[in-house]
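Peer 1: Okay, sequence plus prediction incoming.
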Amino acid sequence: MGKEPHNFREFFTLVDPPKKTANKQAVCNFCIKKYTLPVASVNACCYISNKARLCRGHLVKCMIFKDQVSENERIEILARSVPENNKKSTKKQKINEENINIIENESGKYLSSFYNYLIM
Ligand SMILES: [Zn+2]
């Protein structure tokens, strides 16, 4: 179709949907590594429609991705732009806020482990 792959495409394997009319399913490569493709492609937690925004949303929540990728790499990947949102600045704004939240959450985690360290 000559469509540019989105920024998160490299982390997903596309499979044909059960219904011909539906969008292709994007199955998370990290989930595939853990569960194998036949299992992951029918597990609603491991696949989404092949949309950059949905793929990013999966990676934000995916614990296997979190386990297998270093913290810095994870932040870099999740900060990648979502092409569908480039046209609408309001949506882009929302994504930026989400990124900030992720980074804040991460530093919050470091802070709390630092406090735990102090207590011990
Ligand atoms: Zn996953």
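Peer 2: Received it, and whenever you're ready, just let me know what you need.
Peer 1: mind listing the helices for this protein?
Peer 2: All helices of the chain, identified by DSSP state H, fall at 29-35, 37-40, 52-61, 63-68, 71-78, 89-119.
Peer 1: okay, and for this structure, where does confidence drop off?
Peer 2: 1-3, 84-120 (pLDDT under 70).
Peer 1: got the residues of it near the ion?
Peer 2: Residues of the chain lying close to the ion (C-beta under 5 Å from the ion) are C28, F30, C31, C62. Quick note: C-beta positions are derived from backbone N, CA and C, even for glycine.
Peer 1: quick one, what contacts the second one?
Peer 2: Taking C-beta atoms under 8 Å, 6 or more residues apart in numbering, we find F30 in contact with F11, C62, I64, F65, Q68, V69.
Peer 1: which among the residues of the chain next to the ion gets closest to C45?
Peer 2: Ranked by distance to C45 (C-beta to C-beta), these are led by C31 at 7.4 Å.
Peer 1: Quick check: that closest one vs Y47, distance?
Peer 2: According to C-beta to C-beta, to the nearest Å, C31 and Y47 sit 8 Å apart.
Peer 1: Can you check which residues contact both of those two?
Peer 2: Residues touching both C31 and Y47 (C-beta under 8 Å, 6+ apart): A40.
Peer 1: Contacts only, for the closest residue to S81 other than its chain neighbours.
Peer 2: Once flanking residues are discounted, S81 sits nearest to N7: 6.4 Å by C-beta to C-beta, 6 or more residues apart in numbering. N7 makes contact with A52, R56, R80, S81, V82, P83, according to C-beta under 8 Å, 6+ apart.
Peer 1: Can you tell me which of the residues you listed lies closest to the ion?
Peer 2: For these, the closest approach to the ion (C-beta to the ion) belongs to R56, at 11.7 Å.
Peer 1: got the contact list for the closest one?
Peer 2: N7, F8, L78, R80, V82.
Peer 1: Now the first one: phi and psi?
Peer 2: Taking degrees, to the nearest 10, you get phi -70, psi -20 for the backbone angles of N7.
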